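Trainee: Here you go, sequence then predicted model.
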Amino acid sequence: MDEKIVLLGHGSGGGLSHELIEGLFVRYFANPLLLPLEDATVFRFPQGRIAFTTDSYVVKPLFFPGGDIGRLAVCGTVNDLSMRGAQPLYLSAGFIIEEGFPVSDLERIVASMATAAKEAGVSIVCGDTKVVERRAADGLYINTAGVGVVAEGISVSIRNAKPGDAVIVSGTMGDHGVCVLSQRKSLHFRSPLQSDAAPLNGLARAVLEASGEVHAMRDPTRGGLATTLKEIATGSSVGIEVEEEQIPVSDAVRGACEMLGLDHLYLANEGKLVAVVAASDASSVLEAMRQDPHGRDASLIGRITADHPAMVTIRNPFGARRILEMLASDQFPRIC
Amino acid sequence: MLRSDAFRDPVIVEKLKEKIWAASTRSIKIMEFCGTHTHAVHRFGIRGLLPTTIEMFSGPGCPVCVTDTADIDYAVALSRIPDVIVTTFGDLLKVPGSRESLLLSRASGARVEMVYSPLDALKFASDNPSYRVVFLGIGFETTAPAVAASIVEAERSGLGNYSVFSMHKLTPPAMRAILDFHEIALDAILCPGHVSVVTGWKAWRFLPDYHHIAAAVAGFEPVDILRGITEIVRQCEEDKPRIANAYPRSVTREGNGAAQEMMERVFETGHASWRGLGKIPMSGLKIRDGYGLHDATRLFDVEVPESSSPEGCHCGEVIRGVLAPNGCPLFRSVCTPAHPVGPCMVSTEGSCAAYYLYG
Amino acid sequence: MHMCLAVPALITKIDGTMAEATLSGNETSVNVLFTPGVKVGDYVIMHAGYAIGIMSSSEAQETFDLLDEMTGEDAEE
């Protein structure tokens, strides 16, 4: 395509649309299921139950160290499927683009989505593009939906945590949140941090292979680890007790949090997971996670308990135990 | 060595804890004055480390909490003026006014921008010459110098569209008011560390000298707070109240002269209304006539209907330390961070927010 | 944002009343109008974009010595 910027015509379904779709989306997402460009993509599904999820991405800024909105859009949906023990297979991608959006930026984002899809071993098999007039959208919004297959016998749910279970986290907390905030000019701080956005289906599979008693998994995105733990505690009507010192956090995140008055436990992660497994399997799960590039810093952070259901407590290095509550809302909007 | 982690060393914390337990024989009541101290005490679980002889009370040192509803209403009214951009520290956004908060006003189309520094507000003013930019000045002596500097800078660079709505207040008058009310028989006050960086620890001389109560200036890390409490315990056990500087790496006797001069240059003291404490003479900072062109109260003539406090709100008593957050009938049931009734639940330094978040 | 929130940051560069500071690898700008004697290598207390004081490493060291003394086996009582 010749245009340097996206025009209203590119979303109207006519010749310009086809140029955009073929020139950009099909070129990067190339796969036999997408190519026919039918109204709907039809495929056979492997034996098992279907896992289905959707998410919309409105992150600002669109590009940040370690990723961009496209990478988030693919990884986020792949991860949501993986957290239910599903093998992710196919994604859809819907784009709402503001008129005037630079094609070079769109291309960067689409290329990034293709890379992420390849990393995850999934295909983007259908999509949609709409263009709205200037100022009717802020640059670009992406929606992805995804399907995966859940094998028989797998039952991973935030309602399944059992007292005595071990709570494990796959790595450092708060990296994505701090990284995106550092890109917000209004906050005036520059950080060496990169977003941790990554597909976790490989890591999730390693966890499931290391233990037949994986009860819950969740990726701590918006609201951070604290919110995810609270969701598990509430969902399973159990209590959770964690040790602050066992929660991995990088120096840079600690420092940024001090500077901005934030708590890393509430900041978004886009390439981390929390796993709740039977206590007897904790060591083998940890070992398996640490072999995976996305689980090197995996750490056992706490236990599920029958005490104080729906409540999460955290013990600080001085031995004092306090409650970890959910925040009312994110202090900063559009982190993912 | 100056980094915060050194002052979170669990070994030192444990030692200070043992020292406090060994030394404390009499029951004492300590008020930690500053909202950030309240937050830190809860976050680090300090109460759980102390013997039952020591009772801690939260004071009115939370600038957002002590801001009168009438002031919030005025700020909201300003935001409704079409060519006005209101710039504010984040904490003030969700505080309910008589009718709405700044956040609601923004959601309905008003221009309200969150900033981390008055320097950012100045930038809004220079980037938006066709708008009038108002900065909501809240905070005690720690923040007032920075706001004063922004007014001087606006004057210097001819930023006629920048003004400040000063709700700044002074700490010592509030302490005196609390002691005069005598609702709690306080034995000691843990003095605010960063206010003291500006005022110097001499500002608290009146506590032992006039009120015969113990005082220690403390920083905000666990080691700092416990060190301050250790000093206080010692003073109380010996019945020798004095002002101890338990934050010597940051606080000096005289404080920051340049900051004090800047405050003096731009502000004069006047009466101020404090939520929970009422009207306290000579406790607020007003912008001097010489800088009147940057004083929002002189520039904007807005109609603000009668202000009313939220029904059933007990923030006043929480602010004075006479009611613990979980003693308020609205706490957690009606008043939560998602749906706050009063500022004590909204502000990151409010007692209720600290109780809710940290237990 | 905490109204008393002030963090120790290390000054790495000074240019008039503006300076660059770092905190655990994160960089930020800080106005040093109120700390006229500040030098590169000093730790300042940063609040609302301004340095409100210079931290004293000798006092910090003394603090640790004192704490050692206070909480040692032979603490005076």
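Mentor: Alright, I've got the coordinates.
Trainee: Please name the nearest non-neighbouring residue to the closest residue to chain A within the stretch 151-300 of chain B.
Mentor: The stretch 151-300 of chain B approaches chain A most closely through B:Pro222 (6.3 Å), counting by Cβ to the nearest Cβ. C-beta: built from backbone N, CA, C; applies to glycine. If the residues on either side of it in the chain are set aside, B:Pro222 comes closest to B:Phe44, at 4.6 Å by Cβ to Cβ, 6 or more residues apart in numbering or on different chains.
Trainee: Quick one, grab the pLDDT at the residue of the stretch 151-300 of chain B closest to chain A.
Mentor: Note on B:Pro222: pLDDT of 94.
Trainee: which residues touch A:Ser299?
Mentor: Listed by Cβ atoms under 8 Å, 6 or more residues apart in numbering or on different chains, the contact partners of A:Ser299 are A:168-169, A:171, A:246-248, A:286.
Trainee: tell me which of the residues you listed is nearest to chain C?
Mentor: For the contacts of A:Ser299, the nearest to chain C is A:Pro248 (15.1 Å; Cβ to the nearest Cβ).
Trainee: That closest one reaches A:Gly174, doesn't it?
Mentor: No - judged on Cβ atoms under 8 Å, A:Pro248 makes no contact with A:Gly174 at a distance of 9.9 Å.
Trainee: In terms of neighbours, single out the busier of the two.
Mentor: A:Gly174 (31 against 19; other Cβ atoms under 10 Å in any protein chain shown).
Trainee: B:Asp9 versus A:Val207, what's the distance?
Mentor: Applying Cβ to Cβ, to the nearest Å, the value for A:Val207 to B:Asp9 is 35 Å.
Trainee: before we move on, what about B:Arg320?
Mentor: B:Arg320 is 35 Å from B:Asp9, where distance means Cβ to Cβ.
Trainee: Could you find the closest non-adjacent residue to A:Phe43?
Mentor: With Cβ to Cβ, 6+ apart, the residue lying closest to A:Phe43 is A:Leu33, at 5.9 Å.
Trainee: Tell me how many other residues surround B:Val164.
Mentor: B:Val164, neighbours per other Cβ under 10 Å, totals 27.
Trainee: again, but for A:Arg71
Mentor: By other Cβ under 10 Å, the burial measure for A:Arg71, its neighbour count, is 26.
Trainee: Other residues contacting stretch B:256-264?
Mentor: So stretch B:256-264 is contacted by B:141, B:144-145, B:148-149, B:152, B:197-200, B:285, C:33-36, C:52-53 (Cβ under 8 Å, 6+ apart).
Trainee: how about 7 Å then?
Mentor: Around stretch B:256-264, the neighbours that count as contacts under Cβ atoms under 7 Å, 6 or more residues apart in numbering or on different chains are B:144-145, B:148-149, B:197-198, C:33-34, C:36, C:52-53.
Trainee: Kindly report the same for stretch A:159-168.
Mentor: A:215-216, A:232, A:235-236, A:238, A:240, A:242, A:274-279, A:282, A:285-286, A:298-306.
Trainee: residues of that stretch that come out buried?
Mentor: A:160-162, A:165-168 (16 or more other Cβ atoms under 10 Å in any protein chain shown).
Trainee: can you map out the helices along chain C?
Mentor: Under the criterion DSSP state H, helices of chain C are mapped to C:57-70.
Trainee: Pretty sure B:Thr36 sits against B:Glu221.
Mentor: No - between B:Thr36 and B:Glu221 there is no contact under Cβ atoms under 7 Å: 11.3 Å.
Trainee: out of the two, which sits in the more crowded spot?
Mentor: Counted by other Cβ under 10 Å, B:Thr36 and B:Glu221 do not tie: B:Thr36 has more neighbours, with 26 against 22.
Trainee: coming back round to it: out of the buried residues of stretch A:159-168, the closest to B:Tyr247 would be?
Mentor: A:Val167 (37.3 Å; Cβ to Cβ).
Trainee: Looks to me like that closest one is in a helix.
Mentor: No - remark: A:Val167 does not belong to a helix; assigned using DSSP: H, G, I helix; E, B strand; the rest coil, it is strand.
Trainee: List the contacts of whichever residue of chain B sits closest to chain C.
Mentor: Relative to chain C, the nearest point of chain B is B:Ser117 (2.9 Å; Cβ to the nearest Cβ). Neighbour list for B:Ser117: B:146, C:48-49 [criterion: Cβ under 7 Å, 6+ apart].
Trainee: host element of B:Leu136?
Mentor: Using DSSP states H and E, B:Leu136 maps to strand B:132-137.
Trainee: contacting residues for B:Thr67?
Mentor: Applying Cβ under 7 Å, 6+ apart, the residues near B:Thr67 are B:138, B:167, B:275, B:343.
Trainee: run the last query once more with 10 Å
Mentor: Contact analysis of B:Thr67 by Cβ atoms under 10 Å, 6 or more residues apart in numbering or on different chains lists B:75, B:91-92, B:95, B:136, B:138, B:167, B:169, B:272-275, B:343, B:347.
Trainee: out of those residues, which one sits closest to A:Ser112?
Mentor: B:Asp91 (36.6 Å).
Trainee: For burial, what's the neighbour tally of that closest one?
Mentor: 28.
Trainee: can you check C:Leu23 too?
Mentor: Neighbours around C:Leu23, by other Cβ under 10 Å: 25.
Trainee: Tell me how far it lies from chain A.
Mentor: 4 Å (Cβ to the nearest Cβ, to the nearest Å).
Trainee: Just read off the phi/psi values of the closest residue in space to that residue that isn't next to it in sequence.
Mentor: Residue nearest to C:Leu23 in three dimensions, not counting chain neighbours: A:Gly255, with 4.2 Å by Cβ to Cβ, 6+ apart. Per-residue torsions, A:Gly255: phi -60, psi -40 (degrees, to the nearest 10).
Trainee: How about the contacts made by A:Gly255?
Mentor: Residues in contact with A:Gly255 (Cβ under 10 Å, 6+ apart) are A:178, A:189, A:191, A:193, B:3-4, C:7, C:9, C:22-26.
Trainee: Looking at it now. What's its pLDDT?
Mentor: pLDDT, read off for A:Gly255, is 88.
Trainee: repeat for the one 10 residues further on
Mentor: Predicted confidence (pLDDT) at A:Leu265: the value is 95.
Trainee: list the contacts for it?
Mentor: A:Leu265 touches A:173-174, A:220, A:223-229, A:242, A:244, A:247, A:249, A:257, A:312, A:314, A:324, A:327, counting by Cβ under 10 Å, 6+ apart.
Trainee: List, out of the residues you listed, those positioned next to chain B.
Mentor: Filtering the contacts of A:Leu265 for neighbours of chain B using Cβ under 10 Å from any Cβ of the partner chain leaves A:226, A:314, A:324, A:327.
Trainee: Keep only those of these that are in strands.
Mentor: Residues of the ones next to chain B among the contacts of A:Leu265 located in strands (DSSP state E): A:314, A:324.
Trainee: follow-up on the earlier one: out of the contacts of B:Thr67, which is nearest to A:Arg108?
Mentor: B:Asp91 (37.3 Å).
Trainee: What segments of chain C are strands?
Mentor: Here chain C has its strands, by DSSP E, at C:7-15, C:18-23, C:26-31, C:43-47, C:50-54.
Trainee: Make CSV from those strands and add mean pLDDT to it.
Mentor: Shown next, in CSV, are these (pLDDT from 0 to 100):
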stretch, mean pLDDT
strand C:7-15, 93
strand C:18-23, 93
strand C:26-31, 92
strand C:43-47, 93
strand C:50-54, 96
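Trainee: what's the closest of those strands to A:Lys118?
Mentor: Closest among the strands of chain C, using Cβ to Cβ: strand C:26-31, at 32.7 Å.
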